[in-house]
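J.: output the structure for:
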Amino acid sequence: MPELPEVENVVKSILKNIKGSKIIKMYILWSKLIRNIDKEEFIKIVTNKNINNVWRKGKYIIFDIETHRLVCHLRMEGKWFFLKNGKIDEYKHSTAVFIFDNGCTGYFVDTRKFGTFDLVKKDDLKLIAGIAKLGTDANDININEKEVFVKISKTSRPIKTVLLDQTVIAGIGNIYADEILFKSNIHPLKKGKSFSQELVTRIIKNSKVILDLAISYGGSTVKTFEISHGNSGNFAQFLNVYQRQNKPCTVCEGVIKRIVISGRGTHFCESCQHY
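T.: Residues are numbered from 1 along each chain as shown. Here you go, the predicted structure:
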């Protein structure tokens, strides 16, 4: 699943292609894509509306469409592609197609059809349960370290699991959780209730460093992720532990191990991650 850096770069691509443009026609090709409103009503509301802005909260992409907000979650394999004067059937797995007045055609392409759209009035964003419960973005300079410490110290779950909980801090998924814990020298099985404020501060600091660097390199290309058609992220070259099981650690030359925590493959160096 795309994480904060990947979603941030998708937002940049969307803005580059359609900010300020008007949706003049659209097609919903997979009705279950829309979760909270009838398909025909959705099309009626968004047609002939301007895209005033596109931004991100956690892993959600939010389109400001005049009086409403279209909230998109990519889930496992959702992608946004844009072509000039593209055909409706350009992509086999398109679940929605938008035609804009600037001559651009936008495609939401989703092979596994897990991606979602929600449409709410501009002031009703928190009616979407996932957004209402989101923690602060993990790379937000204004993140409240004491508040995060309280959330982490109240749980007996392994820290790897806690970092994947979007209600604690938002935007971190499997790749960056492994990388953040490695840079912080923290073992992924360490329980939240055993954390000190200093260790939480370390995680927050390294989250910002790693996520911001990943954003600058377009995110990490793993499996089928693309920022836009034919454009992939380049941060994978900087990964120290993720999917590097049985390879030498980049710091101590020990062997990177892989275990499963809460159903998620987890990569770490036992020697370096001693806290």
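J.: and the pLDDT at residue 73?
T.: Residue 73 carries a pLDDT score of 97 in this model.
J.: ok, longest helix in the chain?
T.: Using DSSP state H, we find that the single longest helix of the chain is helix 197-216.
J.: and the following helix or strand past that helix, what does it pack against?
T.: Remark: after helix 197-216, the chain's next helix or strand is strand 257-261, criterion DSSP states H and E. Identification of packing neighbours for strand 257-261 by 3 or more C-beta pairs under 8 Å, 6 or more residues apart in numbering; DSSP states H and E yields strand 264-268. For the C-beta atoms, the positions are set from N, CA and C on the backbone; glycine is no exception.
J.: how about residue 116, phi and psi?
T.: phi -140, psi 150 (degrees, to the nearest 10).
J.: is the closest residue to it other than its chain neighbours bridged to anything, and to what?
T.: Excluding its sequence neighbours, the residue lying closest to residue 116 (C-beta to C-beta, 6 or more residues apart in numbering) is residue 73, at 4.9 Å. Taking DSSP bridges as the rule, residue 73 bridges to residue 60, residue 116.
J.: do the same with residue 248
T.: residue 255.
J.: show me the contact partners of the longest helix of the chain.
T.: 4-5, 8-9, 138-139, 141, 143, 145-146, 148-149, 152-153, 159, 163, 169, 171-172, 176, 179-181, 183-184, 186, 220, 233, 235, 238, 275 (C-beta atoms under 8 Å, 6 or more residues apart in numbering).
J.: give me the buried positions along that helix.
T.: 199-200, 202-204, 206-208, 210-211, 214-215 (16 or more other C-beta atoms under 10 Å).
J.: what's near enough to touch the residue nearest to residue 116?
T.: Taking C-beta under 8 Å, 6+ apart, we find residue 73 in contact with 59-61, 115-116, 130.
J.: go again using 10 Å as the cut-off
T.: 1-2, 7, 35, 58-61, 114-118, 128, 130-131 (C-beta atoms under 10 Å, 6 or more residues apart in numbering).
J.: how about residue 57?
T.: So residue 57 contacts 7, 71, 125, 128, 130-131, 134, 136-137, 170-171 (C-beta under 10 Å, 6+ apart).
J.: give me the buried subset of the residues you listed.
T.: 7, 71, 125, 128, 130-131, 134, 136-137, 170-171.
J.: and of the residues you listed, the nearest to residue 77?
T.: residue 7 (13.2 Å; C-beta to C-beta).
J.: I'd say the closest one and residue 176 touch.
T.: No: look at residue 7 against residue 176 with C-beta atoms under 10 Å: they stay out of range, at 11.8 Å.
J.: intersection of neighbour lists for those two?
T.: residue 219.
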